[in-house]
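Student: sequence first, predicted coordinates after that:
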There are 2 protein chains.
Amino acid sequence: MAQLRIALAQVDTTVGDLDANADLVSSWTKQALAQGAHLVAFGEMTLTGYPAEDLVLRRSFVAASAATLERLAARLHEEGAGSIAVVVGYLDASATPAPAVGRPAGEPQNCVAVLWQGRVAARSAKHHLPNYGVFDEFRYFVPGTTFPVFRLHGVDVGLTVCEDLWQAGGPVAVARKVGVGLLLCINGSPYEQGKSFHRDELCARRAREADATLAYINLVGGQDELVFDGDSLVVDPAGAVLARAPVFEETLLTVDLDLPASNTPGTATGMTGQVAAGDGTMMEVSHIVLAGEPLPAWEPRPHQIAQRPDPVGELYAAVVTGTRDYVRKNGFRSVALGLSGGIDSALVATIAVDALGGEAVYTVAMPSAHSSQGSLDDAAELARRQGTRHSVVPIEPTVAAFHAALAAAGGLHGLAAENLQARVRGTLLMALSNEHGHLVLTTGNKSELATGFSTLYGDSAGGFAPIKDVSKTMVWALSRWRNAQATARGEVPPIPEEIIVKPPSAELAPGQLDSDRLPDYTELDAVLDDYVSHDLGRAELTAAGHDPATVDRVIRLVDLAEYKRRQNPPGPKVTSKAFGRDRRLPITSRWRERERD
Amino acid sequence: MAQLRIALAQVDTTVGDLDANADLVSSWTKQALAQGAHLVAFGEMTLTGYPAEDLVLRRSFVAASAATLERLAARLHEEGAGSIAVVVGYLDASATPAPAVGRPAGEPQNCVAVLWQGRVAARSAKHHLPNYGVFDEFRYFVPGTTFPVFRLHGVDVGLTVCEDLWQAGGPVAVARKVGVGLLLCINGSPYEQGKSFHRDELCARRAREADATLAYINLVGGQDELVFDGDSLVVDPAGAVLARAPVFEETLLTVDLDLPASNTPGTATGMTGQVAAGDGTMMEVSHIVLAGEPLPAWEPRPHQIAQRPDPVGELYAAVVTGTRDYVRKNGFRSVALGLSGGIDSALVATIAVDALGGEAVYTVAMPSAHSSQGSLDDAAELARRQGTRHSVVPIEPTVAAFHAALAAAGGLHGLAAENLQARVRGTLLMALSNEHGHLVLTTGNKSELATGFSTLYGDSAGGFAPIKDVSKTMVWALSRWRNAQATARGEVPPIPEEIIVKPPSAELAPGQLDSDRLPDYTELDAVLDDYVSHDLGRAELTAAGHDPATVDRVIRLVDLAEYKRRQNPPGPKVTSKAFGRDRRLPITSRWRERERD
């Protein structure tokens, strides 16, 4: 056996900021070195940030990424970090271009490199390209076909990138044939509820298939609609978890490993050249020796296995992380939102305060004639408890001016008059944003988005939608969870109880309640989950036990709201199917899930 | 030799309306029969409409498409059209499912069927799946691996779908090996400027490769951001065009062909079973005989070769078609737009009137203190010439109400005050839309979208953006072209000359001109074309001869406007790279094209 101390650097990159990302690698590498690590590994596309989308089709960007990598290798050596192996994701162009119709211009590849003693000692590229859910990688990358094995202190180490683990065959199959002691997988794997279970199961299965210890390194932090949760881990060749990093935190997970030395039977077969990858392709295997001999033995440190938080707390951390990073990475210092006294805006304000601090959160109550005094009081009380910068701007005179302007055209009635109030509020918030530089947060939840229960350019006006992918029932759950956390710490609950218990209302007409227009939220969310997330048709929905009348009502609302959904700002994706990134229906469609289907 | 009269049915389908699309097939098949055709071919995914996006992942939709096809076959036979071979695109599930991570759920395929005497005589599926530009087909379909050859009146006919023509190898290569007399290609190929040249060249090349007459059938009409131009054509085995349909029109192109009979040497090799497709895959070849013997000879009719319109006229037809179909297919009967007296809204009004008639177009002038009397007069004159329903709604009192509401918060200045005016206008138009049921058209052009020269929820508020993919310089060209057409017909030009010649201004501040904030439009559009459409970096842009200061200015504007661009409504894509469907940059990105790149 041979020993290695490896460090998994779970860091928060910024798309496009090559220099800052290189600084991040340098800084965490030095921390790893200080902890005595022999290898430090970073996530997928760390140098460019991930996903970089169409930026990867720009040759100047690809060239800048490759040049940054070379500079980084030299710099680390100069900084005294040349003798720790640095495994890092970056963007490069294929060395064997084969331009054709539909192949991405410039032949970009989603690459991983090993930096050692001032140079790029090995490179390879992601072999399996995901093109489902939030991923569009057939559009952006050409697949890698090489599998370099590098020997570090007597251990043979193989490299894979994210999807290479999710698909059968390819690098994992080659790793087994070639016989590596340690398989590194660098990832940009976004959070979604319940995904960690699949991730654990997958890592265990592939470790057994490769018959190697597997180290899984993930990114952390928000990028547009994605939130990376970290959750980096190491499993042994039998699939048992040896170490795990905490979620939603930048951290270094340092692990002492006992690994087969490369002269152990069953490893280091020396197999080289073209190897069948078990997926219908061949991969080119090469061997690079960084340091051939095992190190003298030392007493290993105990492994750290972080506990995952409970599912609701984990979800709360995801939306806070997504909000904080979107605001910060886009250069904003403050946010503004309308605080109605309802549960949705109360939760969004709380998320914003947890992300940015109360001083950076501008809450605005914008009462109309239909707003209750209770709502106004509840909003003010929330603002007081959380220390937001709160103001009150009544909308009645402005609404009246619109009515007067359109009197000659016949005036406004019903829904048109309701929407007008929401648009006056949206315009007020955007005016404050333009004047003072706040990012406007919208407060719509997933149940509203699904059913189109919102006003275009009204409550959906803004730059980021923290609870866009959170159902109404989960809005209540998160609010109660957050209050309970505070109570457990002996603090005043941030959200006044009145806000949580009152019946939901948009307060756009006298005595209006959400239940006038929508089914009960528990029933609605159950149907939405099956219709939206599982794509069940009408017959399947009723067979699953949903009330047929409710099913018809929900289907009708959802099918007609596609255009409205698209006009909403981005927000953190936290479920298996979010509106926006991974659900794309035609706007113009006459398809209706009808009885006879 | 053997003769066939084939009909290419270039029709306008509606996504999701299976019954209406089946009616369309029935109706055009009967017209083809009335013209004595032996075969009629329809475009890609005719039964479902194209592209159906995530609808294809719903099992109920796939099942409904397959059931509709079966019913259609029976119905055509009952209606006396059983003995004309009907080739039609539809959606079906793969007969050999192989579920795996990332493979589309339900294994949908982009299929083509041959209907004959009441049944589905042959089926196959698209082999090459495009996943670039506007296409995401790796996300939606599993590839086809069969190549059925059907014999009709002594001629062996092969089937391909769209991308099968654009890629080397696959069905075209198999067609040559197997020896078909006629190769049909059914398409959903969207219009873009200059594409017809590539299409012609491609058809000629593939006809020579297959050594067969090639019939190319395309869809026509608008679907969300895509506009299909038709342009169906037939080329002989040497690549010469035999017949061509007009663009942007539903039509039946009937063509008498002399084709090799299946007992001619070099054809009908009888090769069957697994055949290497020349692209690393094998395809299963089968033979189906519908009618084995050639027909008695007849005197062929002369071929029709439609002239393509000039490029500007073709573009004008594209945006009119896209606008008309979006309005109609979404169930609207009228549109509303702000008519400022500037060139952009003037052109959009003209497009709307050409698409829908003046009675259905509600133009609204919304003057402020900064609006010139000339602009108001020009708008009124345009409305008079085109017969729109015109009204004037001054915005000053409403703007003043907003200022008063925000006075306590410090008031609004500069850009915030400018944007407010645009948002009051947007809110007025949306109020009219909600009250009266008009679809709001936005009037922004591509140069504005690129540079973010617009107000979120202001002039970008609305349901459809007819000139979203048309540059400012092309806005002038289209306006002049449309006026010249009228003059040539002895009509009054629809757009008053004053509107075309005046210097562009948003009129949001005293004496304001676009040139205060943007480079000259000719220069701007040239840089945008290279930066946006060709993805050149800064160094390449200056090397291409663009002024470095202008390049820096334009790059900065474009890079910061991604979020704003995404919040615009859909609009017809007419260039090789439109914002939205085929250009997707991260919103959160620190990448800047800088000097040292």
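Tutor: Good, I have the coordinates.

Student: beta partners of the spatially most central residue of chain A?
Tutor: Nearest residue to the geometric centre of chain A (Cα atoms, centre = their mean): residue A:227, 1.9 Å. As for beta bridges, residue A:227 partners with residue A:222 under DSSP bridges.

Student: wait, residue A:410 sits on residue B:432?
Tutor: No: Residue A:410 sits out of contact with residue B:432 when judged by Cβ atoms under 8 Å, with a separation of 9.2 Å. Just so you know, the C-beta spots here come from the backbone N, C-alpha and C atoms, and that holds for glycine as well.

Student: now for residue A:384: which residues touch it?
Tutor: If you count contacts by Cβ atoms under 8 Å, 6 or more residues apart in numbering or on different chains, residue A:384 has them with residue A:390.

Student: ok, now how distant is it from chain B?
Tutor: For residue A:384, the distance to chain B under the criterion Cβ to the nearest Cβ, to the nearest Å works out to 19 Å.

Student: surely that residue forms part of a helix?
Tutor: Yes: in this structure, residue A:384 lies within a helix as judged by DSSP: H, G, I helix; E, B strand; the rest coil.

Student: buried residues in stretch A:103-115?
Tutor: Of the residues in stretch A:103-115, A:103-104, A:106-115 count as buried by neighbour count, 16 or more other Cβ atoms under 10 Å in any protein chain shown.

Student: and chain B, is it touching that?
Tutor: Yes: using Cβ under 8 Å from any Cβ of the partner chain, stretch A:103-115 comes into contact with chain B via A:103-105.

Student: in PDB, list the C-alpha atoms belonging to that stretch.
Tutor: In PDB, the C-alpha atoms belonging to stretch A:103-115 read as follows (Å, rounded to 0.1, in the frame of the first residue of the first chain):
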ATOM      1  CA  ARG A 103     -20.100  20.700 -34.200                       C
ATOM      2  CA  PRO A 104     -19.400  23.500 -31.800                       C
ATOM      3  CA  ALA A 105     -17.100  26.200 -33.400                       C
ATOM      4  CA  GLY A 106     -13.500  26.100 -32.200                       C
ATOM      5  CA  GLU A 107     -13.900  22.500 -30.900                       C
ATOM      6  CA  PRO A 108     -14.100  23.400 -27.200                       C
ATOM      7  CA  GLN A 109     -13.600  20.700 -24.600                       C
ATOM      8  CA  ASN A 110     -14.600  20.500 -20.900                       C
ATOM      9  CA  CYS A 111     -11.100  19.700 -19.600                       C
ATOM     10  CA  VAL A 112      -9.200  18.700 -16.500                       C
ATOM     11  CA  ALA A 113      -5.500  19.300 -16.100                       C
ATOM     12  CA  VAL A 114      -2.900  18.200 -13.600                       C
ATOM     13  CA  LEU A 115      -0.400  20.900 -12.700                       C
END
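
Student: so how far is it off the chain centroid?
Tutor: Put simply, stretch A:103-115 sits 22 Å off its chain's centre (Cα atoms, centre = their mean, to the nearest Å).

Student: in this structure the residue nearest to the centre of chain A contacts residue A:322, no?
Tutor: Yes: counting by Cβ under 8 Å, residue A:227 sits close enough to residue A:322 to count as a contact (4.2 Å).

Student: overlap of the contact sets of the two?
Tutor: Common neighbours of residue A:227 and residue A:322 (criterion: Cβ under 8 Å, 6+ apart): residue A:572.

Student: outline the domain layout of chain A.
Tutor: Following the assignment in the TED database, chain A carries domains at A:2-291, A:311-566.

Student: quick check: residue A:147 touching residue A:178?
Tutor: Yes: applying Cβ under 8 Å, one finds residue A:147 in contact with residue A:178, separated by 7.1 Å.

Student: now the common contact residues for the two.
Tutor: Residues touching both residue A:147 and residue A:178 by Cβ under 8 Å, 6+ apart: A:158, A:275, A:285.

Student: quick revisit: identify, from the residues of stretch A:103-115 next to chain B, the entry nearest to residue A:80.
Tutor: Nearest to residue A:80, judged by Cβ to Cβ, of the residues of stretch A:103-115 next to chain B is residue A:104 at 38.3 Å.

Student: ok, now which ones touch the closest one?
Tutor: Going by Cβ under 8 Å, 6+ apart, residue A:104 touches A:56-57, A:139-142, B:132.

Student: cool, residue A:229 as well?
Tutor: By Cβ under 8 Å, 6+ apart, residue A:229 lies in contact with A:190-191, A:196, A:218, A:220, A:247-248, A:314, A:318.

Student: what score does it have for pLDDT?
Tutor: At residue A:229 the predicted local distance difference test score is 97.

Student: and it, how far from residue A:323?
Tutor: When distances are taken as Cβ to Cβ, to the nearest Å, residue A:229 and residue A:323 turn out to be 15 Å apart.

Student: and what of residue A:304?
Tutor: Per Cβ to Cβ, residue A:304 is found 28 Å from residue A:323.

Student: who in the stretch 351-500 of chain A is up against chain B?
Tutor: Counting by Cβ under 8 Å from any Cβ, the residues of the stretch 351-500 of chain A that sit close to chain B are A:391, A:393-395, A:397-398, A:400-402, A:404-406, A:408-413, A:415-416, A:419-420, A:423-424, A:426-428, A:430-432, A:434-436, A:456-457, A:461, A:463.

Student: give me the subset of those residues that lies in helices.
Tutor: Counting by DSSP state H, those place A:397-398, A:400-402, A:404-405, A:415-416, A:419-420, A:423-424, A:426-428, A:430-432, A:434-436 in helices.

Student: PyMOL command for the buried members of those residues?
Tutor: Listed next is the PyMOL selection for buried residues among these, using 16+ other Cβ under 10 Å:
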select buried, chain A and resi 398+401+402+405+416+419+420+423+424+426+427+428+430+431+432+434+435
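
Student: what residues are up against residue A:512?
Tutor: Remark: with contacts taken as Cβ under 8 Å, 6+ apart, residue A:512 is in contact with A:370, A:505-506.

Student: residue A:114 too?
Tutor: By Cβ under 8 Å, 6+ apart, the contact list for residue A:114 reads A:85-87, A:120-123, A:148, A:150, A:159, A:288, A:290.

Student: next one: phi and psi at residue A:247?
Tutor: In this entry, residue A:247 is assigned phi and psi values of phi -90, psi 160 (degrees, to the nearest 10).

Student: oops, could you answer that again for residue A:206 instead?
Tutor: phi -70, psi -30.

Student: run a quick neighbour tally on it.
Tutor: Using other Cβ atoms under 10 Å in any protein chain shown, residue A:206 has 26 other residues around it.

Student: repeat that for the one 4 residues further on.
Tutor: Other residues near residue A:210 come to 26 when the count uses other Cβ under 10 Å.

Student: right, and residue A:61 touches residue A:55 too?
Tutor: Yes: shown here, residue A:61 and residue A:55 form a contact pair, counting by Cβ under 8 Å, at 4.9 Å.

Student: report back the residue of chain A that's furthest from centre.
Tutor: In chain A, the greatest distance from the average C-alpha position (Cα atoms, centre = their mean) is reached by residue A:408, at 49.7 Å.

Student: hang on, residue A:292 packs against residue A:151?
Tutor: Yes: with contact taken as Cβ under 8 Å, residue A:292 and residue A:151 are classed as touching, separated by 5.8 Å.

Student: the two: who's more crowded?
Tutor: For residue A:292 versus residue A:151, the count of surrounding residues by other Cβ under 10 Å is larger for residue A:151: 21 against 11.
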